[in-house]
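>>> Please find the sequence and the predicted model below.
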Amino acid sequence: MRILAGLILISASLWQAGTSSSYAQGNFAAAWKLCQSSDAEQRIAGCSTVISLGGGGSKARLADALDGRCWAYHVKELYDLAVADCKASILLRPDYSYSYNNLASALVGQKKYGEAIAAANKSIELKPKFVWSHLNLARSLAGLGQNERALIEYQTALSLDPNNADAKTEAKALLAKPASPAEKPTEVANAAPELLGASGASPSKATVSQLPASANLATEPRVALVIGNASYRFMPGLQNPKSDAVDVEKALRELGFQTVLALDQDRAGMNAAIDKFSRLVPGAGVAVVYYSGHGMQFAGKNYLLPVDANLDSIADVNRFRLLALDDLMDLLGSADGLQLVVLDACRNNPVERSFKSKLASIPGGSRDANMTRGFSRIDAKGGLIITYATAPDEVASDGVGRNSPFTEAFLKNLAVPDVEIRQMLFRVQSDVYLASAKKQRPEVSSLYVGPEIRFRTSH
């Protein structure tokens, strides 16, 4: 802590004193160039000079130099110095994702995995698609023995960068390890407040779930809303959603869920089912929403399509003929534990394509016309897991059998005992991806950091 405090005082005073005379002292430009080198020794030398000159009077460059030297110290395995530099950089610029990621790397080196999880989560909040933040989160979770959660993060990293050698190698090694003991989420919760030391800054809400640490959530009420829409009146019908929903509802009911099943419902019927489900959610240990049918995005929002949905004009969306997914997800917030949304939607829809063409012909409508294919990515909130049948902005296969390829894989893995829910979804991803010859890639978005939940156990 003394190192960090001293560095903060020195850095602040140098920055405040930085003037044009600092440039006249010599080699600031050369030092700045070295500070961006990929060679750790050169970067330390260059960034140290930039830091000594107060960033040349620039607060942003001082923050960059501290962050750059943090990275170099981490490479040199000088983790204490790296942590001090990254924390000082964050104090100067608290909204820069790369500094949090570099801090997470250094904390992993120190084996302070709880703090590393908090730093990685903050980096992900600021830059969700940065693969190295997901890798650091995976490494931190693995360091705490939370292997199944770590594998989910490795899968996320590989979805962002399928050729990432580190993610492939580390995930393979983790899969070879024996099953981990029960996870200890309180280790993460207790470590998180220390993320920024004495700075007084608080970690992101996304850092730690607000769920209780008790594993009793698995025995508290389980509730599920299952919707299957197939017989559309104004657009092509679908083969599988009704049987998908029937089979999923049956499987969940056998696992102890109290279920609400809605088949081929218009908007009014879907609203009635949602209203019934909303009365079951408060206090639930696990709350699940499963949807099979047509879905689309429009103007940045995702919609489920009732069987009476008619896409003749933009007004058909604005008149609430479609069901906004956000409205359905909001009601899950009253659950005490895990909230799971399963979306087997986004089938190919000629009417949707026609709607897109109509939008393109309207002045100013071309932008929205490009946003009707598939679902857009949904930001997971604390305690929530969202799994899509296919990647955002893509179209899923309806299948030729009783169930869609995604639901078939979901039902298959749901029947396997003693598999934690996130690992189960990871297996669903893999099964669909391989069964579709790598054409359909389901995606999982999760901010659930709580006790392990197993839908089915062998005892």
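Received the coordinates, thanks.
>>> Skipping adjacent residues, who's closest to N302 in space?
Nearest residue to N302, sequence neighbours excluded (Cβ to Cβ, 6 or more residues apart in numbering): L325, at 4.2 Å. To be clear about C-beta, it is placed using only N, CA and C from the backbone, and glycine gets the same treatment.
>>> For V50, give its distance to V281.
With distances taken as Cβ to Cβ, to the nearest Å, V50 is found 54 Å from V281.
>>> quick one, which of these two is more surrounded?
Taking neighbours as other Cβ atoms under 10 Å, V50 and V281 compare with V50 leading, 27 against 19.
>>> tell me the SS of the more buried one?
Put simply, V50 is helix when judged by DSSP: H, G, I helix; E, B strand; the rest coil.
>>> And C47, by the same measure?
Assigned by three-state DSSP, the conformation of C47 is helix.
>>> Who are the contact partners of it?
Listed by Cβ atoms under 8 Å, 6 or more residues apart in numbering, the contact partners of C47 are A31, L34, C35, A65, L66, G68, R69, A72.
>>> out of the residues you listed, what pair is the most spread apart?
With Cβ to Cβ as the measure, no two of the contacts of C47 lie farther apart than L34 and L66, at 14.8 Å.
>>> who has more neighbours, those two?
Between L34 and L66, counting by other Cβ under 10 Å, L66 is the more crowded of the two (28 against 21).
>>> K59 versus that one, what's the distance?
L66 is 11 Å from K59, where distance means Cβ to Cβ.
>>> Common neighbours of those two, please.
L92.
>>> By mean pLDDT, flag the weakest helix or strand of this protein.
Ranked by mean pLDDT, DSSP states H and E, the weakest helix or strand in the chain is helix 185-191, scoring a mean of 34.
>>> what about the residue nearest the centre of the chain, helix or strand, and which?
A centroid search over the chain (Cα atoms, centre = their mean) returns S445, at 4.0 Å, as the residue closest to the centre. S445 belongs to strand 443-446 when assigned by DSSP states H and E.
>>> V226 too?
Going by DSSP H and E, V226 is part of strand 222-228.
>>> I'd like to know which elements that strand is packed against.
Applying 3 or more Cβ pairs under 8 Å, 6 or more residues apart in numbering; DSSP states H and E, one finds that strand 222-228 makes contact with helix 241-254, strand 258-263, helix 267-278, strand 286-292.
>>> Check which helices and strands the next helix or strand after the last one is in contact with.
Moving toward the C-terminus from strand 286-292, the first helix or strand encountered (DSSP H and E) is strand 295-298. In this structure, strand 295-298 makes packing contacts with strand 301-304, judged by 3+ Cβ pairs under 8 Å, 6+ apart.
>>> Strand partners (parallel or antiparallel) of the strand it packs on?
Next to strand 301-304 in the sheet, as set by DSSP bridges, lie strand 295-298 (antiparallel), strand 323-324 (antiparallel).
>>> Dump it to CSV, restricted to CA.
In CSV, the C-alpha atoms belonging to strand 301-304 read as follows (Å, rounded to 0.1, in the frame of the first residue of the first chain):
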residue,chain,number,x,y,z
LYS,A,301,-34.8,-4.1,-29.2
ASN,A,302,-35.7,-7.8,-29.3
TYR,A,303,-39.2,-9.0,-29.8
LEU,A,304,-41.0,-12.4,-29.5
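>>> Quick one: mean pLDDT for that strand?
Taken as a whole, strand 301-304 has a mean pLDDT of 83.
>>> same check, this time on stretch 36-48
Average pLDDT, stretch 36-48: 91.
>>> Ok, stretch 409-419 next?
Stretch 409-419 shows an average pLDDT of 92 in the prediction.
>>> got it, and stretch 119-132?
Here stretch 119-132 scores 88 as its mean pLDDT.
>>> So what would you say the end-to-end distance of it is?
For stretch 119-132, the separation between the terminal residues is 12 Å (Cα to Cα, to the nearest Å).
>>> Can you point out the buried residues in stretch 297-312?
For stretch 297-312, a neighbour-count test (16 or more other Cβ atoms under 10 Å) marks 297-298, 301-311 as buried.
>>> likewise stretch 161-180?
By neighbour count, and taking 16+ other Cβ under 10 Å as the criterion, the buried residues in stretch 161-180 are D161, N164, A167, E170, A171, L174, S180.
>>> number of nearby residues for Q110?
Residues within reach of Q110, counting by other Cβ under 10 Å, total 13.
>>> Contact partners for A167?
V131, L135, A138, Y154, A157, L158, D161.
>>> same thing but 6 Å
L135, Y154, A157, L158 (Cβ atoms under 6 Å, 6 or more residues apart in numbering).
>>> what number of residues lie near the third one?
For A157, the number of neighbouring residues by other Cβ under 10 Å comes to 25.
>>> Validate this expectation: it resides in a helix.
Yes - applying three-state DSSP, one finds A157 inside a helix.
>>> All set, thanks.
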